[in-house]
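**Student:** The sequence and its predicted three-dimensional model are supplied below.
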Amino acid sequence: MKEAEEAKTLCLLAVPGALGAPDLLAFAAACQQDIAHVRVLRDGSPDHYMALLTFRTSQAAREFHGAFDGVPYSSLEPNALCHTAWVSRVEWAKDGSPPPSHTELPTCPVCLERMDESVAGVLSVQCAHAFHAECLARSRDLRCPVCRCAQTPEPRASARCQLCDAPHRDEEGDDTRENLSGVAEGLVDGLEEGTLWICLICGHVGCGRYEGGHAAKHFLQSNHTYALQLGSNRVWDYAGDNFVHRLVQNKSDGKLVASEGACGGKHDHEFTYILTEQLDTQRTHYEEKIAKLEGEREAERAALQGRARAAEARAADLAAQVDDLTARNKQLDRKLQQLTNKLSVLQNELTEERGLAAAMASSQSEWQARAKEKEENFTKEVSDLKEQLRDVMFFVEARAQLERSDAVSRDELAAATLTVPPRHAAPRRRRR
């Protein structure tokens, strides 16, 4: 850490060859003022090179390392990352011979980049092949990318049969041989009692013939021919009723080594023929399954397409209905606006009419009171006039009678006084 703090030179490892010098300068444009010298170095790979960046100060070198280490050179290639390494010193040699302590770093078989433990983690599998940890983590295949070696499960204390829950044991049994349904594994010497067998097709784990024979029963039910013995990696062929493995795994380093077959060399062609026939049978079986699944998927796809077309037609009808309803809604909105305006006008007219009616009602009451008052006045005046007319008529009749009478002289008539009795109201008849 102390040397890194004092160093001013950084090495860019495995720079893509497609990234030219102008592109490299554009990538480091943010620190252009702090870079004192850039030197491009060719390595053994044809599509990669290295670049030495010498900075003016160690602080600038640390800032560049913290900002650009692990950053992709281009957004179009996110896997091409910038890997930086601190350089304490640079030595130049005229000849092409490497230094005595120089060791070429191996390349990753997946990404073909150098595997430097100081830059990225290195993972070694059981078959002695090494890869970048990130490259192997991105691979979903459980087999080795180089030799395609499958890491088989080892027997554990928890390894049990999936049907009878029988555990795995390493004790050797007797030489008694029993045949289960005509086909059973382990008809050769040296078979261990209590071993478990895993199907190479579906991964079913079953017990051997000395337990419940569930591995053989699985073959009868599924027609899966080959099973692997846990612990020894020996492959049993149920159809040929013998072992068919050709390679075994070394326990010390995990590498695959050649092994002789269970039978003599004269039967190798027969075993190969049986194996090929069984593989062809399984291939035909799975091809039929694939064809059946493809037919089902095609029928489902056709049905889904029909449903999609029906849904599209229904959607088109609904869209037309929506357009029609939208147009009708606009018409109804216009009619509603017109009716609202008419209602407002009628409400104003009704208010005016009610005001006029109220005014007329008040005027009518006033005029009725006035008319009643005038009628009463007229009635009084008529009564007075009738009284006066009666008095006048009585006076005229009395004077006429007196003039016709000879008993009273004119002087007496002139000095006489006429008295009119008050008018009595006529008696009302009683109602029966």
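**Tutor:** In hand now; what should we look at? Quick caveat, the model's predicted, so the values are computed rather than measured.
**Student:** What segments of the chain are helices?
**Tutor:** 2-6, 21-27, 58-68, 133-138, 214-222, 268-404, 410-415 (DSSP state H).
**Student:** Format those helices as CSV; extra columns: distance to residue 204 and mean neighbour count.
**Tutor:** Backbone N, C-alpha and C define where each C-beta goes, glycine included. Converted to CSV, the helices of the chain look like this (distance: least, C-beta to C-beta, whole Å; neighbours: other C-beta atoms under 10 Å):
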stretch, distance to residue 204, mean neighbour count
helix 2-6, 55, 11
helix 21-27, 54, 13
helix 58-68, 52, 17
helix 133-138, 28, 15
helix 214-222, 5, 20
helix 268-404, 15, 11
helix 410-415, 166, 9
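**Student:** Ok, which of the ones you listed comes nearest residue 109?
**Tutor:** Closest to residue 109 of the helices of the chain is helix 133-138 (C-beta to C-beta; 8.5 Å).
**Student:** which other helices and strands contact the closest one?
**Tutor:** strand 122-124 (3 or more C-beta pairs under 8 Å, 6 or more residues apart in numbering; DSSP states H and E).
**Student:** Quickly run through the sheet partners of the strand it packs on, with directions.
**Tutor:** strand 130-132 (antiparallel) (DSSP bridges).
**Student:** for the partner strand, what is the average pLDDT?
**Tutor:** Average pLDDT, strand 130-132: 79.
**Student:** starting at the chain centroid, how far to it?
**Tutor:** Averaging C-alpha positions (C-alpha atoms, centre = their mean, to the nearest Å) puts strand 130-132 36 Å from its chain's average.
**Student:** any idea how this structure splits into domains?
**Tutor:** 1-88, 107-151, 154-173+190-262 (automatic domain parsing).
**Student:** hey, which of those domains is tucked in deepest?
**Tutor:** Highest mean neighbour count among those (mean count of other C-beta atoms under 10 Å): domain 154-173+190-262, with a mean of 17.
**Student:** Output stretch 368-379 as PDB, nothing but the C-alphas.
**Tutor:** The C-alpha coordinates for stretch 368-379 follow below in PDB (Å, rounded to 0.1, in the frame of the first residue of the first chain):
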ATOM      1  CA  GLN A 368    -110.300  45.900  -3.100                       C
ATOM      2  CA  ALA A 369    -109.900  47.900   0.100                       C
ATOM      3  CA  ARG A 370    -110.500  51.100  -1.700                       C
ATOM      4  CA  ALA A 371    -113.500  49.800  -3.600                       C
ATOM      5  CA  LYS A 372    -115.000  48.500  -0.400                       C
ATOM      6  CA  GLU A 373    -114.400  51.900   1.200                       C
ATOM      7  CA  LYS A 374    -116.000  53.700  -1.700                       C
ATOM      8  CA  GLU A 375    -118.900  51.200  -1.700                       C
ATOM      9  CA  GLU A 376    -119.500  51.900   1.900                       C
ATOM     10  CA  ASN A 377    -119.300  55.600   1.300                       C
ATOM     11  CA  PHE A 378    -121.700  55.300  -1.600                       C
ATOM     12  CA  THR A 379    -124.100  53.200   0.500                       C
END
